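Undergrad: sharing a sequence plus its predicted fold:
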Amino acid sequence: MPTGARRIVIAADTVLDGKGGVLHNTRIVVEGSKIIAIDAKAAPVDYDLRGKTVLPGWIDSHVHITWSFGPDGKNANQGGTTPYLTLQAAGNAAKTLMAGFTTIQSVGSAADIPLRDAIAKGRFPGPRILTSADALMGQGEKTGTPDEIRAFVRKQKDAGADLIKIFASGGMSRGTMTMSPEQLLAACDEANKLGLRSLVHAFRDAVRPAVLAGCTEIEHGLGASDDDLKLMAERGTYLDPQAGLLLENYMQHKAEFLAPPWFPEEMFPALPGLLTAHQDFLRRAANVPGLKIVYGTDALAGMHGRNEEDMIHRVRDCGMDAMRVLVSANSLAAEAMRMSDQIGSVAPGLQADIIALDGDPLKDITAVRRVTFVMKGGVVYKNVAAGE
Ligand SMILES: [Zn+2]
């Protein structure tokens with residue numbers, strides 16, 4: 001136990017433990033950056049969060065933290081490194097933390113790395129960041145030979161990547177597979193050899209080959225068949241789908257996003273239908289026994305700090321159980337990141353990532369919008385009265 005580290009006692013009458021359990025009338029004892037005890041008799045109380053719902057800080061498994069609207073108001077897409085965009089990225093990080101997200105996985109851009117490291121050193125507020133650095137873009141033959149693909153994966157690891165991001169198909173509306181099974185195998189296998197997870201952007205026919213290649217997690221997944229989803233459940237492959245925030249954000253910010261070839265005019269009238277398709281997909285996936293569905297929003301320009309909104313879509317529009325959705329952003333997301341021993345639960349020995357909500361999200365999921373308290377690694381970043 002570190003000596004001299006400040007001890008903080010938090011009183012709570014309702015604690016969701018992040019794994020599906022609920023603790024009542026207890027106190028959480030924090031020392032330094034970690035939770036050291038759950039002890040109803042601990043005193044004196046430093047933060048009285050009775051009347052609130054206390055839970056572990058959330059984890060967003062799919063964010064593009066550096067993506068912002070540029071000085072001209074238009075989507076700056078991959079996130080540049082001009083002073084303006086660098087400051088925007090720092091702002092995105094602060095907004096994300098204040099929304100209750102204490103860890104994010106950014107997938108990814110090399111610009112994430114200095115941001116990740118500066119936040120880890122406490123230079124400014126933001127969530128703990130895991131990043132893929134640059135992603136492997138599937139482009140058929142041009143993706144490279146298996147040896148070239150393996151070299152690309154090693155290059156990301158050398159650059160400081162925490163995981164590998166792979167694009168194995170085109171966009172959500174009708175994109176087809178952009179890598180061969182052999183190329184996918186080279187990418188996922190090399191990541192596994194290096195001890196890194198592989199996250200594969202895949203729709204429709206790209207899902208099954210990515211799962212068979214041994215990837216850790218499928219991003220999006222729209223169009224996967226019931227058999228594909230069953231295969232994922234059998235193999236323990238995580239699914240990271242989206243339920244509405246992403247599509248709504250494109251609709252709300254059409255003027256900012258409109259720019260061929262990635263965001264052509266004809267994409268926008270298709271969005272309402274795609275929104276319904278995503279929600280039907282998630283409803284179907286949620287009914288596949290044993291399928292591990294994590295929480296990831298694909299947060300890009302216009303979405304940072306609103307990461308909680310997709311929880312509302314999942315419960316309200318997809319019929320998912322509120323506790324299941326909350327756990328998907330806590331212990332399940334931590335498990336998918338192989339960080340269960342550090343984050344995702346309220347338990348002794350874990351990082352003191354603790355948030356509080358005004359309201360009960362199990363009864364009214366919109367309570368996830370009302371984050372009144374944020375502690376990350378034992379440091380309090382937000383503590384406001386309800387409604388502020
Ligand atoms: Zn994405």
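TA: Good, I have the coordinates. Numbers count the residues shown, from 1 in each chain.
Undergrad: pull the number of nearby residues for R235.
TA: When counting by other CB atoms under 10 Å, one arrives at 11 neighbours for R235. Every C-beta, even on glycine, is put in place using the N, C-alpha and C of the backbone.
Undergrad: which of the helices or strands spans the closest residue to it other than its chain neighbours?
TA: Distances taken as CB to CB, 6 or more residues apart in numbering place V211 nearest to R235, at 6.1 Å, with adjacent residues excluded. For V211, the enclosing helix or strand under DSSP states H and E is helix 207-212.
Undergrad: and if you look at V374?
TA: The secondary structure element spanning V374 is strand 371-376 (assigned by DSSP H and E).
Undergrad: any idea of the mean pLDDT for the following helix or strand past that strand?
TA: Past strand 371-376, heading to the C-terminal end, the next element that is a helix or strand (DSSP H and E) is strand 379-383. Model confidence over strand 379-383, given as mean pLDDT, is 97.
Undergrad: ditto for stretch 196-205
TA: 97.
Undergrad: buried stuff in stretch 218-231?
TA: Neighbour-count burial for stretch 218-231, counted by 16 or more other CB atoms under 10 Å, picks out 218-224, 228-229, 231.
Undergrad: neighbours of the closest residue to Y84 other than its chain neighbours, how many?
TA: Beyond its immediate neighbours in the sequence, the residue positioned closest to Y84 (CB to CB, 6+ apart) is P71, lying 5.3 Å away. Residues within reach of P71, counting by other CB under 10 Å, total 11.
Undergrad: and P71, that's in a helix?
TA: No: the assignment for P71, made by DSSP: H, G, I helix; E, B strand; the rest coil, is coil rather than a helix.
Undergrad: show the subsequent helix or strand relative to the helix holding V211.
TA: The first helix or strand that comes after helix 207-212 along the chain, using DSSP H and E, is strand 217-220.
Undergrad: just checking: what are the partner strands of that following strand?
TA: Sheet pairing for strand 217-220, assigned by DSSP bridges, gives strand 197-202 (parallel), strand 238-240 (parallel).
Undergrad: for the helix or strand following that strand, packing partners?
TA: Next in sequence after strand 217-220, counting helices and strands by DSSP H and E, comes helix 226-235. Contact analysis of helix 226-235 by 3 or more CB pairs under 8 Å, 6 or more residues apart in numbering; DSSP states H and E lists helix 207-212, strand 238-240, helix 271-286 as its packing neighbours.
Undergrad: which one of those lies closest to H24?
TA: Among the helices and strands packed on helix 226-235, helix 271-286 comes nearest to H24, with 28.2 Å by CB to CB.
Undergrad: show residues contacting the closest one.
TA: The list of residues contacting helix 271-286 from outside it, by CB atoms under 8 Å, 6 or more residues apart in numbering, reads 172-173, 221-224, 226, 229, 239, 241-244, 247-248, 250-251, 291, 293, 313-314, 317-320, 324.
Undergrad: about what we covered before: how about the residue nearest to R235, what does it touch?
TA: Contacts of V211 were listed using CB under 8 Å, 6+ apart, and they are 218, 228, 231-232, 235, 237.
Undergrad: if we can go back for a sec, and the pLDDT for the residue nearest to Y84?
TA: Note on P71: pLDDT of 88.
Undergrad: let's see the pLDDT reported for the residue lying closest to G32 once chain neighbours are set aside.
TA: Counting by CB to CB, 6+ apart, the nearest residue to G32 once its immediate chain neighbours are dropped is A5, at 3.4 Å. Per-residue confidence (pLDDT) for A5: 77.
Undergrad: report how many residues lie close to A5.
TA: Each residue near A5 was counted by other CB under 10 Å, and the total is 14.
Undergrad: likewise for L115?
TA: Other residues lying near L115 total 24 when counted by other CB under 10 Å.
Undergrad: can you tell me how far it is from L231?
TA: Relative to L231, L115 is positioned 36 Å away (CB to CB, to the nearest Å).
Undergrad: and if you look at L282?
TA: Distance of L282 to L231, given as CB to CB: 18 Å.
Undergrad: ok, and the closest non-adjacent residue to D134?
TA: The shortest distance from D134 to any non-neighbouring residue, by CB to CB, 6+ apart, is to A110 (5.3 Å).
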